[in-house]
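1. Would you be able to build a 3D model of this:
(chains A, B and C)
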Amino acid sequence: MSEVPSELKYTKSHEWLRLEDDGLVTVGISDHAQELLGDLVFVELPEAGLEFVAGDECCVVESVKAASDVYMPISGEVAEVNEALVDEPEIINDSPYDNGWLFKIRPSAEEFDDLMDADAYQDEIAE
Amino acid sequence: MPFIPHTEQEITQMLQTIGADSIEDLFDEIPTHLRAAVLSAVPTGMTEMEVSRLMRQRAEKNTKALCFLGAGAYQHHIPAAVWEITTRGEFYSAYTPYQAEASQGTLQLTYEYQSMMTALTAMDVSNASMYDGASSLAEAILMAVRANRKSKSRKILIPTTVNPVYRQTAHTIVKGQQIDLVEVPYDKATGTVTLDQIKQQAEADITAIVLQQPNFFGCLEAVDEITDWAHENNILVIAAVNPLAITVLNPPGEWGLDEASKGADIACGDGQPLGAPMSAGGPYYGLLCCKQALVRQMPGRIVGRTVDLDGKEGFVLTLQAREQHIRRSKATSNICTNQGLVVTASTIHMAIMGAKGLENTAAACHQNNNNLVVQLCAIADVKKAFAGAHFHETVLQLEVPAQQVLKALMQKGILGGFDLSLDYPELGHAILVCTTEMRNEDDIAAYAKAMQEVLAQTANNVASLQESA
Amino acid sequence: MLIFEHSSHGRNGAPQSPVEKASVSAIPESLLRKNRAALPEVSELQAVRHYTRLSQKNFSIDTQFYPLGSCTMKYNPRACNTLAMLPGFLNAHPLTPDEQNQGFLACMFDLQSMLCEATGMAAFSLAPMAGAQGEFAGVAMIDAYHKSRGDEERREILVPDAAHGTNPATAVMCGFSVKEIPTLDNGDVDLDALKQAVGPQTAGLMLTNPSTLGVFERNIEEIAKVVHQAGGLLYYDGANLNAILGKIRPGDMGFDVIHSNLHKTFSTPHGGGGPGSGAVGVAERLIPFLPLPMVTQEGEQYRYLTAKDCPQSIGRLSAFMGNPGVLLRAYIYMRFLGREGMVRVAEFATLNANYMMAEARRRGFTLAIDSRRASHEFIITLKNEARKYHVSAMDFAKRLLDLGYHAPTTYFPLLVPECLLIEPTESEAKEALDGFMDALEQIKQEAETNPEILHAAPQTLPVKRLDEVRAAKQLDLAYRGSE
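-> Below is the predicted model:
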């Protein structure tokens, strides 16, 4: 069974989100998603400073046999990206919810609360 | 003779296993009223003896004239071993190496090809080949647009010294992507583009510039100066090169004097001069190389070296997540087939010739062209169109229509060059003449003699026409 | 060992080039190369031996049964190669005046005509250099057709979800958006979904028939009607033409534009990845848009058609004439077949596939679509074996290599879990098919009793399973000298 931490928010496309104390929102891909993809070999991160609308493709994660787009779960500006992934994409496999975060967003709209909670996401991936 | 091995007995057994009465039954899901009638416009089948006779007759009809024609396809010597080995069934009749363990021959050879091509171009990365030089230029342009994220214009500068059919092909392939191909005129004295002319087109944001070296006229572009300027202005440089010529000329990975930004960003070209016969236009292959930073924007197959479970060296297709069979509508290109067999030939060709052999070949092409041009320009009314150095092709201007002259030369067994009047009317009666290492002194003398006779005859004809008028 | 590792500095190859380097002093110093390229320095014998040995590490049609689904790995007759490489063809410069190139042009004209007849299309262009380029040409023609009628709103191409990956990739390359149409369990396109999907935005539908699921699309007439009534055009992906050659023609099914993979149906060699040819054919209304060049006949003479003759053409796709050497091989093969041979190709390709499918059923394999006739290929799904014994289609494939068979296509079509797509082609004899089915059955038993054999396969090839993750992460794409 893949891990679904209860304090996070989730999307149908398997991104997770965490609201930080400074108001930024950290985004990554779920344990379930990294299991589906297998060993990751490459991550293409968005550029800090770019603005996105919820649902935009903003990032690509690649394994040997698959490439998957990561969709911007909420609207906002990219505040920071996890540069460590450029050289070691496997961090996402090892630690999807901590060291394997992808980027942080400065939200521009009130969308965070509308996202799925852990229970809903659990149901979603159980199907 | 459709190469079908079944005996009557086997057919009966197989139908029994299937539970069908006849082969016809196997097609019972196809609506009857849509079924095809006899394909009457297709002739009936032939035996190998009959087909051989037909094909030999047709091959005989093609000309055996001495070839001084280039313009993108060149007659070079190919060692006999090259196609002997290439057409071994194990190379010839294998599929794309998707089952790596059963395809190490093709995979290792492709890795060696990529190694040789990066050495030749002085670029970081080569893919396993594109279709031909023209389509590899088109893919290079698409790649530049993806790669240059700082540029928003999707504007590509293409000098008119780039092979016209390459420009036409690029136009066909990129026009669906809202990419603007902006032509830059050339300098009439040198047959090359100057930085001043480029700057006139380049006030706004430019994504990339294409430079062909040697250019279509055989002239040599100021690649260092233009590359440096392009990089200062955040413009990617796409080099279109003749891979044989760059054994003598500065390779694209070395273009530019600024150490920090040195080198074209993408190099493309046609691999034909390295082991592919002219063969009426193909199959050739397109080479495509780039700087390391652009590798994930590269279209087509790429082979990587890795290890197996025991740690033994082996080769696989890699970076496949860029490709259509995984990325579908988001792939870097729709390409899947490459020109594998021609790449096989080319790799063997490069191995046998070696860098020194290729360099001596290239130098001989150049020298022969100089000799030819000297002899032709000794004839009255033949002159060089452009000052400056040439590689192995030169534009000559005549006083009479090129087509007429070329036709007359043909009657004397000389394929005399390419008529430029359609693509470059401003050059007047101009032809592009080419020599490779295969044209010896006698061939060159024969051409000069034929040209002299043809022009003299034409002058007589003109004179007699004037008399009779 | 790489060819580079056979290299010795200063070793000179063979008398293949001028011995002395001619002067290049006419070229300014700044434009000359400074360092000689680091190509291998080997003798001709070393090169010949090295590449002969490399060739022996390949599986190929000439050495193995190669039932790779969707790829039509049939016998490539040797004569096609020999005759296409006659000096008269090899030494023909592509810009030779047409009058001096009549032998070659005659072959190309005949090939165009035979393809028209075999597919029921009005005209053909041989310009595209591969299937994907044929698709590009086809979709670009659809685009040009709509635009020529001032119909600028048709910006969507419909593609069944079972389609080849090139279909959606091509549509996007041509500037269209893509909408996927679902497939029913019986392999037919979901007609209701199609009816919902079409509209004034529909430029066309790309369809492979028989589909990638190895069955004939029975509702083809209805599909054609739906698409045409919506104002769209119907595109035929010719990857599976071998199944129906001479039996039913795409033109008669209502297709407006098709590409034919000559390297599949018409037996030109795959060459370890190419070159291919994706000749395109069209119905009457699309003729003006065909890519250049084409060959026409005027009296007894043949000549190339150029942009002057065809102002509405989508243009050229290559510097010259596509891949003439490939086209010649296809032409020669078609002359071998003749009209009666073409029909036999489809019949025996279909017989072989249905026989293997029946054998697979008899031997306890699960078929992806059990209720239908196979076309020239069929699909086994190993989802039960995967669940019960923890072996994958990949494991089956690798074990087949050990037993001397090239593996079928795995993991395509994406719709069928753990699938093997098997295409025997007409040129294989019954004993090859039986031998392959025996091997498959043996592997099934091994999966039940000793799945480790499958996981560890292959053991008998030059390398064992390769580390693809390492290959993608620690990119080593070119030899950089010995470390």
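2. Phi and psi next, for B:Gly314.
-> Main-chain dihedrals, B:Gly314, degrees, to the nearest 10: phi -160, psi 170.
3. Can you name the helix or strand that the closest residue to it other than its chain neighbours falls in?
-> Taking Cβ to Cβ, 6 or more residues apart in numbering or on different chains, and ignoring the residues beside it in sequence, B:Gly314 has C:Val463 as its nearest neighbour in space, at 3.9 Å. C-beta here means a position set from N, CA and C on the backbone, and glycine is covered the same way. Here C:Val463 is covered by no helix or strand, with elements defined by DSSP states H and E.
4. and if you look at C:Ala137?
-> Mapping C:Ala137 onto the secondary structure by DSSP H and E places it in helix C:131-148.
5. State the three-state secondary structure for B:Ala170.
-> Of the three states, B:Ala170 takes helix under DSSP: H, G, I helix; E, B strand; the rest coil.
6. what about it, how many neighbours?
-> Residues near B:Ala170, counting by other Cβ atoms under 10 Å in any protein chain shown, number 28.
7. And B:Met438, by the same measure?
-> Around B:Met438 sit 16 other residues, with neighbours defined as other Cβ under 10 Å.
8. and it, how far is that from B:Gly218?
-> Plainly put, B:Met438 is 17 Å away from B:Gly218 if you go by Cβ to Cβ, to the nearest Å.
9. What spatial separation is found between the residue nearest to B:Thr318 when sequence neighbours are not counted and B:Pro97?
-> Nearest non-adjacent residue to B:Thr318, counting by Cβ to Cβ, 6+ apart: B:Gly304, 3.6 Å away. In this structure, B:Gly304 and B:Pro97 are 12 Å apart, going by Cβ to Cβ.
10. Neighbour count for these two, which is higher?
-> Taking neighbours as other Cβ under 10 Å, B:Gly304 and B:Pro97 compare with B:Pro97 leading, 27 against 24.
11. Residue ranges of each domain in chain B, please.
-> Split into domains by automatic domain parsing, chain B comes to B:80-348, B:355-462.
12. To C:Leu414, which of these lies closest?
-> Using Cβ to Cβ as the criterion, the shortest distance between C:Leu414 and these is 9.2 Å, found for domain B:80-348.
13. Quick one: residues contacting B:Val42.
-> B:Val42 is in contact with C:Met114, C:Glu117, C:Ala118, C:Met334, C:Gly338, C:Arg339, C:Met342, counting by Cβ atoms under 8 Å, 6 or more residues apart in numbering or on different chains.
14. May I have the phi/psi pair for the nearest residue to the fourth one once chain neighbours are set aside?
-> By the measure of Cβ to Cβ, 6+ apart, the closest residue to C:Met334 outside its immediate chain neighbours is C:Met114, 5.3 Å from it. Backbone geometry at C:Met114, expressed as degrees, to the nearest 10, gives phi -70, psi -40.
15. can you check C:Lys195 too?
-> For C:Lys195, the backbone dihedrals (degrees, to the nearest 10) come out as phi -60, psi -40.
16. For chain A, which residues are neighbours of chain C?
-> Chain A has residues A:Asp39, A:Val41, A:Phe42, A:Glu62, A:Ser63, A:Val64, A:Pro89, A:Glu90 near chain C, with proximity defined as Cβ under 8 Å from any Cβ of the partner chain.
17. From what I see, B:Ala128 and B:Thr337 are in contact.
-> No. With contact defined as Cβ atoms under 8 Å, B:Ala128 and B:Thr337 do not form a contacting pair (10.7 Å).
18. ok, A:Gly38 - contacts?
-> A:Gly38 is in contact with A:Ser63, A:Val64, A:Lys65, A:Ala66, counting by Cβ under 8 Å, 6+ apart.
19. just to revisit the earlier point, for the helix holding C:Ala137, what does the pLDDT average out to?
-> Average pLDDT, helix C:131-148: 96.
20. repeat for stretch C:341-350
-> The average pLDDT within stretch C:341-350 is 97.
21. how about that stretch, does it reach chain B?
-> Yes. Using Cβ under 8 Å from any Cβ, we find that stretch C:341-350 touches chain B at C:Gly341, C:Met342, C:Val343, C:Arg344, C:Val345, C:Glu347, C:Phe348, C:Thr350.
22. what about stretch A:5-18, distance to the chain center?
-> 8 Å (Cα atoms, centre = their mean, to the nearest Å).
23. what about the longest strand in chain C?
-> Assignment by DSSP state E gives strand C:202-208 as the longest strand of chain C.
24. Following the chain past that one, name the next helix or strand.
-> Secondary structure here is assigned by DSSP H and E; on that basis, the next helix or strand after strand C:202-208 toward the C-terminus is helix C:220-229.
25. Report the buried residues of that next one.
-> Residues of helix C:220-229 classed as buried by neighbour count (16 or more other Cβ atoms under 10 Å in any protein chain shown): C:Ile220, C:Glu222, C:Ile223, C:Ala224, C:Val226, C:Val227, C:His228.
26. mind checking the end-to-end distance for stretch C:474-481?
-> With Cα to Cα, to the nearest Å applied, stretch C:474-481 spans 17 Å between its terminal residues.
27. How many residues are close by residue 52?
-> In the absence of a named chain, chain A is used. Under the neighbour criterion other Cβ under 10 Å, A:Phe52 is assigned a count of 20.
28. other chain: chain C
-> A total of 16 residues lie near C:Thr52 under the criterion other Cβ under 10 Å.
29. surely the residue nearest to C:Met334 meets B:Ala41?
-> Yes. Under the criterion of Cβ under 8 Å, C:Met114 is in contact with B:Ala41, at a separation of 7.2 Å.
30. in the chain, which residue is closest to the centre?
-> Picked chain A for this. A:Gly28 (2.3 Å; Cα atoms, centre = their mean).
31. meant chain B actually
-> By Cα atoms, centre = their mean, chain B has its centre lying nearest to B:Asp270, at 2.8 Å.
32. re earlier: which element is the residue nearest to the centre of chain A on?
-> With the criterion set as DSSP H and E, the secondary-structure element containing A:Gly28 is strand A:25-29.
33. quick one: strands adjacent to that strand?
-> strand A:15-19 (antiparallel), strand A:103-107 (antiparallel) (DSSP bridges).
34. Got phi/psi on the closest residue to B:Ala65 other than its chain neighbours?
-> Across the structure, with Cβ to Cβ, 6+ apart as the measure, the residue nearest B:Ala65 apart from its sequence neighbours is B:Leu415 (4.3 Å). With angles defined as degrees, to the nearest 10, B:Leu415 sits at phi -90, psi 100.
35. So what pairs up with B:Leu415 in the strands?
-> With beta bridges defined as DSSP bridges, B:Leu415 has these partners: B:Cys67.
36. residues in contact with it?
-> Under the criterion of Cβ under 8 Å, 6+ apart, the contact list for B:Leu415 reads B:Thr63, B:Ala65, B:Leu66, B:Cys67, B:Phe68, B:Leu69, B:Leu409, C:His93, C:Thr96, C:Gln100.
37. Name the nearest residue to the residue of chain B found nearest chain A, sequence neighbours excluded.
-> Nearest residue of chain B to chain A: B:Ala321, at 3.7 Å (Cβ to the nearest Cβ). Leaving aside its sequence neighbours, B:Ala321 sits nearest to A:Ala67 (Cβ to Cβ, 6+ apart; 3.7 Å).
38. if I look at that neighbour, how far off is A:Leu85?
-> If you go by Cβ to Cβ, the gap between A:Ala67 and A:Leu85 works out to 15 Å.
39. Same check on C:Val19?
-> In this view, C:Val19 and A:Leu85 are 55 Å apart by Cβ to Cβ.
40. more neighbours, the two?
-> Legend: neighbour count by other Cβ under 10 Å for C:Val19 and A:Leu85, higher for A:Leu85 (24 against 9).
41. Per-residue pLDDT of that one, please?
-> Taken from the predicted model, the pLDDT recorded for A:Leu85 is 94.
42. Look up the closest residue to it, ignoring the ones flanking it.
-> Nearest residue to A:Leu85, sequence neighbours excluded (Cβ to Cβ, 6+ apart): A:Val43, at 4.5 Å.
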